[in-house]
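>>> Have a look; sequence and predicted model below, questions after that.
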Amino acid sequence: MTLVEYEPFSNFCSILDQICQSKGIEEKMKIVESFWKHVSKVSSLIEIPARYLAPLDSFSILRLLLPELDNERRSFGMKEKGLAELYISVFELEPSSFDAQRLRRWQDPSVQQQPGQIPAIPGSFFSVLETVLRHRCSHTSTLNMSQINEFLDELNTSLERERKKRIFHQLVTKCTLIENIWISRIILKQMHLGLRFENILKWFHPSALEDYRLTHSLRRMCEDCSQPGFFIASQDVVLGQPAAVSLAKRQENLQRIPYLMPDGFFLEPKFDGERLQLHKKGEDIQCFSRNALDTTHLYGPHLKTAILLCVDAQDCVLDGEVLLYNVDKQAFEHFDQIRHYISISKDAKLNENFLITYMIFDVLYVDQNQDVPPSIISFPLETRKEILKGIIRPFHSQIRLVPYKEGCTVEDIKEAMEDFVEQKYEGVVVKNKKRPYLLGERDDEVMIKLKPDYFTGLVQDLDVLILGAFIGRGYSKIARIGKPSHFLIGLLQKDNEEHDKNVEVSWIVIGKVGSGYSYEQLEQLQQKLAPFWKLYDKLAPPEHLKQSLLKADAVPDFWIEPCHSVVLTIHAYEVRPSSIYSGYAVRFPRVAKIRWDKRWYECSTLEELIRSSEPSFAGCSVESLTSNKKRKVEPLLRVKFDLPLTQTLPEAIAKSSHFLVGVVFCIVGASSNQEKQYYEELVHQLGGKTVQSVTQDTCFVLAISPDHIAVKNMVKSFQNPPRIVRRNLRSRGCLEAKDILKVKWLLDCQAKDRMVEVLPSHVVWATDSLRKDMERRCDCWGDSWNKTVDEEELRELLNNVVIPDDIPPDVESVIASCPELKEIDYGGLFRSWRVIVEDFGHFCDTDAAAYLISFFGCQLVIEKEENSKVQNRDIPSCYYLVADSDAHRKDGVQVLTKAFIWERVKQHISQE
């Protein structure tokens with residue numbers, strides 16, 4: 001008998017309700033801990049929680065608390081729609097009844113909030129389910145947690161619909177309303193507790209999260225963590241065992257990326273495919289999904305021959321995406337077509353038209369050189385890329401290396417985005433070339449994903465006309481061979497009121513578009529326009545395009561008379577100056593809709609583009625943009641946070657460096673115009689830009705004097721912006737607060753001739769994002785873990801240190817005050833250990849642990865200078881002492897945590 005067999009499931013549901021209703025992670029974790037103490041029959045959890053219950057009991061609880069981590073119940077083969085049909089069948093609801101329609105149309109507000117009926121929250125399946133089952137469920141229940149797990153296991157393994165329905169009937173008819181709601185949440189894996197699984201696993205055991213990322217097995221994790229002395233010093237990939245894949249973090253502020261990755265980055269296309277981790281051992285291969293599901297039976301037969309031919313390594317682990325390539329269309333199909341193709345791929349004719357293609361972008365393990373460890377996730381990305389090139393021979397069309405570009409500026413990212421989106425990729429993945437591979441983590445300093453959809457953009461719902469077409473070239477673009485696939489687009493220079501009189505009008509070309517439409521829509525466009533295409537003659541361009549001075553790479557293959565063309569509604573990120581088209585162009589355009597209903601003369605005009613893209617063309621007129629003469633822009637009256645513009649034009653300032661290229665600053669808090677002008681010129685000298693008010697593109701606000709009234713007002717407006725300030729910010733495209741830094745940060749950047757990391761001493765006011773970033777990089781007094789300080793910085797740090805009155809006494813004093821400690825022989829516990837300690841003796845988080853292991857016989861290696869750091873890494877069998885294994889990682893060196901030390905000492909004392 002296990003302990004969970006005595007625990008009613010109703011008690012567990014009450015605990016889940018309490019977690020949902022409580023606020024804050026700390027309060028929620030106290031409720032989890034109280035339930036653990038209740039089940040294990042203890043008054044307090046002195047040791048690691050994993051020690052108090054048998055592995056089977058821990059597993060039974062965690063798989064109900066964290067169903068999304070349970071790989072033994074991957075999927076119940078249903079979502080909200082399937083679950084609704086089961087409830088309709090079990091409770092014998094008439095298919096046409098109001099309650100049955102409620103369950104089926106749980107997202108429809110018109111159904112959920114009808115007069116005379118109990119309202120439910122539209123879009124919340126569980127709210128609708130609670131309303132429907134309110135008077136249909138049992139009022140009492142006798143099921144325990146073990147029985148619930150047995151029912152769910154049977155439901156998960158049942159393939160026949162009738163058997164599944166029978167098991168579900170036995171389960172839900174015995175449960176109360178609250179139990180039914182939580183069972184449905186467990187089945188759909190949508191607990192919504194407001195508590196991340198990382199918090200629970202770290203509480204369960206110091207090494208539980210690392211163990212789960214390595215094994216992807218909740219059961220095995222519980223078994224490992226229950227063992228005395230279990231500890232994972234470092235994470236490594238094991239051949240044949242799925243490892244948690246590194247994940248990309250979404251980022252919507254392009255200006256922030258060079259700051260997050262100051263050493264440069266690689267830019268890769270983002271695919272619409274399925275993540276695949278491939279393990280090769282000799283002539284055998286295994287395939288795993290991003291959730292560690294074994295998919296060898298799906299992809300192994302399609303890829304094995306190509307892998308054996310193209311991979312020049314006996315054993316290796318590759319990371320990439322599997323895509324379905326359509327030979328006829330010369331394009332990759334959508335993600336949802338891959339599994340469909342595999343299910344019907346026995347048809348030989350289909351096999352000739354489609355190819356399962358593996359796009360490889362990383363290598364995690366390679367057993368080639370005895371001098372190099374096989375698991376290479378600790379190597380920087382640029383090194384792993386070189387290793388990958390050395391073992392992959394892309395002789396086969398099914399195995400390809402993902403192309404990538406190098407970059408270091410925002411402009412590099414924008415150019416890559418334009419290029420990849422034009423080639424029909426989803427977007428861009430930005431990877432830090434200096435960072436190791438992180439198992440199962442999202443870190444915006446390691447990998448970022450960007451898609452045009454992430455950016456609202458300045459240009460919305462702009463109606464443009466197709467003026468020309470380009471024949472596609474290259475395997476990655478859709479419908480290429482000899483057919484138009486990208487279109488030259490333009491606007492009317494001004495509204496054509498006399499279009500019926502066949503008056504010649506001028507058109508302004510603003511770019512080309514090749515994304516946003518489906519293959520079927522592209523075929524419709526091709527069929528519609530095919531009779532009207534004319535070859536474009538560079539020497540004799542059509543009359544209506546002469547206004548647009550097209551450069552060589554913007555000249556289309558075909559042009560079309562406007563009266564035969566089609567209107568497209570597009571979205572775009574921004575409007576930028578351009579020497580390629582008519583003087584400016586839309587950036588990242590994508591088709592939102594094909595307007596078959598509109599006539600050619602009903603497209604937008606240049607004046608409408610100017611109005612829609614303000615403030616990009618603030619103060620400009622149509623004539624000023626289309627004229628070859630120099631234009632004079634009248635200043636606009638705007639509400640600003642600070643003083644007038646600098647008197648020196650940015651173009652006249654000589655550049656002394658370029659590390660701030662793409663970074664936009666707003667400088668405030670100056671005591672005089674001359675002081676502000678000095679810092680603005682300094683920003684431009686270092687390659688940056690300045691604006692006079694905070695906009696969406698602003699990266700940082702620089703405060704010359706933090707006590708200036710303008711700075712204080714700005715801090716207040718960011719902390720709790722009144723309605724008028726929010727409206728003012730929104731009108732200028734600024735939807736979020738910005739970090740306010742002291743000019744000391746700018747001066748430090750100038751001194752180091754690079755963009756230095758932001759420290760607490762640089763900050764006047766920080767957003768949540770920067771605050772969390774500094775907490776990760778610095779200790780509680782603002783001292784960076786990675787940066788050495790000079791004398792001035794050390795004095796500033798020491799002035800900020802508040803030494804508490806209750807500093808614990810040294811080890812000798814503790815022993816003198818406790819006679820019983822003198823009777824125990826402690827000398828041998830850590831006698832053979834050597835541990836590297838940083839900043840020892842400065843009241844750091846690790847000092848107490850260092851004193852303790854030293855008392856138990858450990859040899860401490862004090863690390864103070866950079867030279868000693870290099871030498872200490874070569875000491876065999878040596879550990880780094882850190883406060884937390886997640887917060888501080890040392891490449892190539894094992895780490896030792898405080899929690900592990902306390903655990904070992906307590907075990908040793910109890911044995912004595």
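Nice, thanks for sending it over.

>>> Spatially nearest residue to W600, not counting backbone neighbours?
For W600, the nearest residue in space outside its immediate sequence neighbours is P562; the separation is 4.9 Å by C-beta to C-beta, 6 or more residues apart in numbering. All C-beta atoms are positioned from the backbone trio N, CA, C, and that covers glycine.

>>> what number of residues lie near the one you found?
P562 has 21 neighbouring residues, counting by other C-beta atoms under 10 Å.

>>> Identify the residues contacting it.
Applying C-beta atoms under 8 Å, 6 or more residues apart in numbering to P562 gives the contacts L465, L467, V505, W507, H544, W600, Y601.

>>> Buried subset of these, written for PyMOL?
Only the buried entries of the contacts of P562 go into this PyMOL selection, using 16 or more other C-beta atoms under 10 Å:
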select buried, resi 465+467+507+544+600+601
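
>>> got the CA positions of stretch 215-228 in PDB?
C-alpha atoms of stretch 215-228 as PDB (Å, rounded to 0.1, in the frame of the first residue of the first chain):
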ATOM      1  CA  THR A 215      15.900  12.300 -18.700                       C
ATOM      2  CA  HIS A 216      12.500  13.800 -19.600                       C
ATOM      3  CA  SER A 217      11.000  11.200 -17.200                       C
ATOM      4  CA  LEU A 218       9.000  12.300 -14.200                       C
ATOM      5  CA  ARG A 219       9.200   8.700 -12.800                       C
ATOM      6  CA  ARG A 220      12.900   8.400 -13.200                       C
ATOM      7  CA  MET A 221      13.400  11.900 -11.700                       C
ATOM      8  CA  CYS A 222      11.500  10.800  -8.500                       C
ATOM      9  CA  GLU A 223      13.600   7.600  -8.300                       C
ATOM     10  CA  ASP A 224      16.900   9.500  -8.700                       C
ATOM     11  CA  CYS A 225      16.000  12.300  -6.200                       C
ATOM     12  CA  SER A 226      15.000   9.800  -3.500                       C
ATOM     13  CA  GLN A 227      18.600   8.400  -3.400                       C
ATOM     14  CA  PRO A 228      20.800   9.700  -0.600                       C
END
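
>>> Could I get the average pLDDT for it?
Here stretch 215-228 scores 88 as its mean pLDDT.

>>> just stretch 448-455 next, same as before
80.

>>> What of stretch 150-162?
For stretch 150-162, the per-residue pLDDT averages 89.

>>> Identify the residues contacting that stretch?
Residues contacting stretch 150-162 (C-beta under 8 Å, 6+ apart): 72-76, 164, 167-168, 170-171, 183, 186-187.

>>> Show me what counts as buried in that stretch.
Buried-residue list, stretch 150-162, by 16+ other C-beta under 10 Å: F151, L152, E154, L155, N156, S158.

>>> Likewise for stretch 161-172?
K164, K165, I167, F168, L171, V172.

>>> show me what contacts the one residue sitting closest to the centre of the chain?
Nearest to the mean C-alpha position of the chain, by C-alpha atoms, centre = their mean, lies K249 at 1.4 Å. Contacts of K249 were listed using C-beta under 8 Å, 6+ apart, and they are R442, D443, D444, M447, I448, K449.

>>> ditto for C858
F830, R831, W833, R834, V835.

>>> Surely A592 forms part of a strand?
Yes: according to DSSP: H, G, I helix; E, B strand; the rest coil, the state of A592 is that of a strand.

>>> which residues in the stretch 601-750 of the chain form helices?
606-612, 622-626, 673-685, 709-719, 723-731, 743-752 (DSSP state H, counting those that start in this stretch).

>>> Tell me, what's the model's pLDDT at E866?
39.

>>> Ignore what I typed, I meant D806.
Model confidence at D806 (pLDDT) stands at 54.

>>> Just confirm H192 contacts C20, I think it does.
Yes: using C-beta atoms under 8 Å, H192 is in contact with C20, at 7.2 Å.

>>> just to revisit the earlier point, most neighbours among the contacts of C858, please name it.
Going by other C-beta under 10 Å, F830 tops the contacts of C858 with 22 neighbours.
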